[in-house]
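1. Predicted model and sequence follow; I will ask about them next.
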Amino acid sequence: MTAVRASQGPADADHASHLLRQMLRIRRLEEKCVELYSAARIRGFLHVYIGEEAVAAGVLEPLAAEDCVVATYREHGHALLRVSAGAILAEMYGRLEGCCRGRGGSMHLFDAATRFYGGNAIVAGGLPLAVGLALADKMSGRHRVTACFFGEGAVAEGEFHESLNLAALWQLPVLFCCENNLYAMGTALARSESQTDIALKAAGYEIPAWAVDGMDVFAVEEAARRAVDAVRSGGGPHFLELRTYRFRAHSMFDPELYREKAEVARWMERDPIRLLKDSMDAAGQLPAETWETLQADVDAEMAAGVEFAEAGTLEPVEELTRFVYSDRTPGADQAGRAAG
Ligand SMILES: Cc1ncc(C[n+]2csc(CCOP(=O)(O)OP(=O)(O)O)c2C)c(N)n1
Ligand SMILES: [Mg+2]
């Protein structure tokens, strides 16, 4: 079994409180989404990340603004660290002000301006995309990293193996981040994989890989920083298996018959937000009024996001076939590419 890394020591108070804020923002955004979904304000599918916040918060921390992020349909949290809550919520409301003009919804958040490349609904579909982005960066001599998030369910897909193989063969700047929450819908990992040590699979492709305690945001950040530095300095792809758990159902339609309530309760004792808050309390880093202010700020951010989305506009019906085909002038692309 691959050793699971834990964090090495306390961080300074400002940094700890920044990470706490990031995780709380993700948690509150999604609690709001569940509330709005239940009230039929937003529709379609909705998969929440509650319980897994330390993974997105810890991995995105060492990334630079020009680094790419590719995620799955459980991507509201990753998106929030790049895109405003208003643009995300407006997208879920199907409004023009959304990050994809309301055409993507919950599973397809995307924002090229902040190099957030989705939001991918197809299991393992983001991996080849990430490899392509990294190949483009390598061929253009740009020292960027592409962080690619996917669930452990993706490991059963051919795209996972093809992507890891090519990334290793061509030494591409990708950080593969497997969000191992133990279930793919209702299928437990051990029911679908003969080898459940996922980091070991990556090692089989000659990719340096570590398993990390995905509930400990410092452990995630530390491992991600090491891996991002190695990838950026030409060390080829790296792989993190982030061991985590989703506290809620797979999506809004899931009776959760495949796991015991006691198991969920056991994992909830290691709620990443509570773990960090408790460690900050113990170190005297979080006075009560700082915690109150932090919560009030985050609540105000989400309330403003909902207000923005509610006030958004619906795309006129006559616009609906726009973007089905490109309306760019032929030849303009080549000129753009030559210039850029
Ligand atoms: C190629 C493909 N097959 C099946 C599905 C249906 N499906 C949606 S989510 C899911 C489970 C994926 O689990 P995992 O990768 O572990 O991610 P998690 O939902 O746990 O974050 C499946 C099988 C899909 N979206 N794409
Ligand atoms: Mg999973």
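-> Cool, got the structure. Ligands and ions are numbered 1, 2, ... in the order given.
2. Could you check stretch 41-54 against ligand 2 for contacts?
-> No: Stretch 41-54 stays clear of ligand 2 (Cβ under 5 Å from the ion), getting no nearer than 9.4 Å. In this view, the C-beta of every residue, glycine as well, is placed from N, C-alpha and C.
3. Now do that stretch: distance from first to last residue.
-> Stretch 41-54 has an end-to-end distance of 28 Å (Cα to Cα, to the nearest Å).
4. And that stretch, what's buried?
-> For stretch 41-54, burial by neighbour count (16 or more other Cβ atoms under 10 Å) applies to R41, I42, L46, H47, V48, Y49, I50, G51, E52, E53, A54.
5. Could you pull up the contacting residues of the residue nearest to T114 when sequence neighbours are not counted?
-> In this structure, T114 finds its nearest non-sequential neighbour in R82, 4.1 Å apart by Cβ to Cβ, 6 or more residues apart in numbering. Contact analysis of R82 by Cβ atoms under 8 Å, 6 or more residues apart in numbering lists L60, V69, D111, T114, R115, F116.
6. how about the residues you listed, which pair is most distant?
-> Using Cβ to Cβ, the contacts of R82 span at most 13.7 Å, a distance reached by L60 and D111.
7. In this structure, what helix or strand scores lowest on average pLDDT?
-> The least trusted helix or strand in the chain, going by mean pLDDT, DSSP states H and E, turns out to be helix 332-339, with a mean of 55.
8. pLDDT value on whatever residue of the chain ends up closest to ligand 2, please?
-> Ligand 2 sits closest to G151 of the chain, with a gap of 3.6 Å, by Cβ to the ion. The confidence metric pLDDT takes the value 98 at G151.
9. Now, the buried residues of stretch 41-54 that are in helices?
-> Among the buried residues of stretch 41-54, the residues falling in helices (DSSP state H) are E53, A54.
10. interface residues of the protein facing ligand 1?
-> Counting by Cβ under 6 Å from any ligand atom, the chain comes close to ligand 1 at 72, 74, 121-123, 151-154, 179, 181, 183-185, 250.
11. Extract the CA atoms of stretch 18-32 and return them as PDB.
-> The C-alpha trace of stretch 18-32 is given here as PDB (Å, rounded to 0.1, in the frame of the first residue of the first chain):
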ATOM      1  CA  HIS A  18      -6.900  31.900   3.700                       C
ATOM      2  CA  LEU A  19      -7.200  28.100   3.200                       C
ATOM      3  CA  LEU A  20     -10.100  28.000   5.700                       C
ATOM      4  CA  ARG A  21     -11.900  30.800   3.700                       C
ATOM      5  CA  GLN A  22     -11.400  29.000   0.400                       C
ATOM      6  CA  MET A  23     -12.900  25.800   1.700                       C
ATOM      7  CA  LEU A  24     -15.700  27.600   3.400                       C
ATOM      8  CA  ARG A  25     -16.500  29.500   0.200                       C
ATOM      9  CA  ILE A  26     -16.800  26.200  -1.700                       C
ATOM     10  CA  ARG A  27     -19.000  24.600   1.100                       C
ATOM     11  CA  ARG A  28     -21.400  27.600   1.300                       C
ATOM     12  CA  LEU A  29     -21.700  27.900  -2.500                       C
ATOM     13  CA  GLU A  30     -22.700  24.300  -2.700                       C
ATOM     14  CA  GLU A  31     -25.100  24.400   0.300                       C
ATOM     15  CA  LYS A  32     -26.700  27.300  -1.500                       C
END
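12. Now do that stretch: everything it contacts.
-> Contacts to stretch 18-32, defined as Cβ under 8 Å, 6+ apart, come from residues 11, 48-50, 53-54, 56-58, 61, 76-77, 80-81, 85, 88-89, 217-218, 221, 272-273, 276-277, 280, 286, 294-295, 297-299, 301-302, 305-306.
13. Only whichever of the residues you listed are buried, select them in PyMOL.
-> Buried residues among these (16+ other Cβ under 10 Å), as a PyMOL selection:
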select buried, resi 11+48+49+50+53+54+56+57+58+61+76+77+80+81+85+88+89+217+218+221+272+273+276+277+280+286+294+298+301+302+305+306
